[in-house]
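Engineer: how would this look folded up:
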Amino acid sequence: MKIDQERVPINLQKRIKDELKKQKISLSSMARKLNISSVSLFQLLERSTMQVDRLWTICLALDINLFQEIANHLDGKAYNPALEEKDKEIEVLEHKIKDLENDVERLKTERDCFKEAISLLKT
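Structural biologist: Just a heads-up that it's a prediction; the model follows:
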């Protein structure tokens with residue numbers, strides 16, 4: 001299956017700039033957190049691409065999860081560990097239901113055998 005070259009569905013650089021404004025963090029302050037020059041940070045935020053390592057450190061510095069925001073655009077499905085855990089719980093419960101259904105069938109068979117034995121004893 002060939003995948004067309006697509007851009008990340010969100011503008012990471014704009015999102016980072018917006019977050020800096022929201023948190024009232026200056027570019028020079030953020031650059032110090034990232035241990036890079038202000039010029040390097042400015043250039044980074046003007047490029048159309050960004051290395052994963054750099055994005056990771058920015059996420060840590062701003063305490064945001066841009067990776068999740070990107071993932072939210074994949075097939076419209078966001079990875080949600082809580083939902084994954086619920087899916088596992090549902091699977092376990094489905095197995096328990098199947099076991100209980102088997103028990104019910106076994107008990108019905110036993111009941112029918114006892115009914116037949118009782119009717120034979122009556123005669």
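
Engineer: Please export the C-alpha coordinates of the helix or strand of the chain with the lowest mean pLDDT as PDB.
Structural biologist: The least trusted helix or strand in the chain, going by mean pLDDT, DSSP states H and E, turns out to be helix 66-71, with a mean of 87. C-alpha atoms of helix 66-71 as PDB (Å, rounded to 0.1, in the frame of the first residue of the first chain):
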ATOM      1  CA  LEU A  66       1.900  17.300  20.600                       C
ATOM      2  CA  PHE A  67       2.400  13.700  19.600                       C
ATOM      3  CA  GLN A  68      -1.100  12.900  20.900                       C
ATOM      4  CA  GLU A  69      -2.500  15.900  19.000                       C
ATOM      5  CA  ILE A  70      -1.000  14.400  15.800                       C
ATOM      6  CA  ALA A  71      -2.200  10.900  16.700                       C
END
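
Engineer: by contact count, what packs against that helix?
Structural biologist: Applying 3 or more C-beta pairs under 8 Å, 6 or more residues apart in numbering; DSSP states H and E, one finds that helix 66-71 contacts helix 12-22, helix 52-62. Bear in mind the C-beta positions are built from the backbone N, C-alpha and C, glycine included.

Engineer: can you give me the mean pLDDT across the helix or strand that comes right after that helix?
Structural biologist: With elements assigned by DSSP states H and E, the helix or strand that comes after helix 66-71 is helix 81-122. In this model, helix 81-122 has a mean pLDDT of 92.

Engineer: What is the distance between helix 81-122 and the centre of its chain?
Structural biologist: Put simply, helix 81-122 sits 34 Å off its chain's centre (C-alpha atoms, centre = their mean, to the nearest Å).
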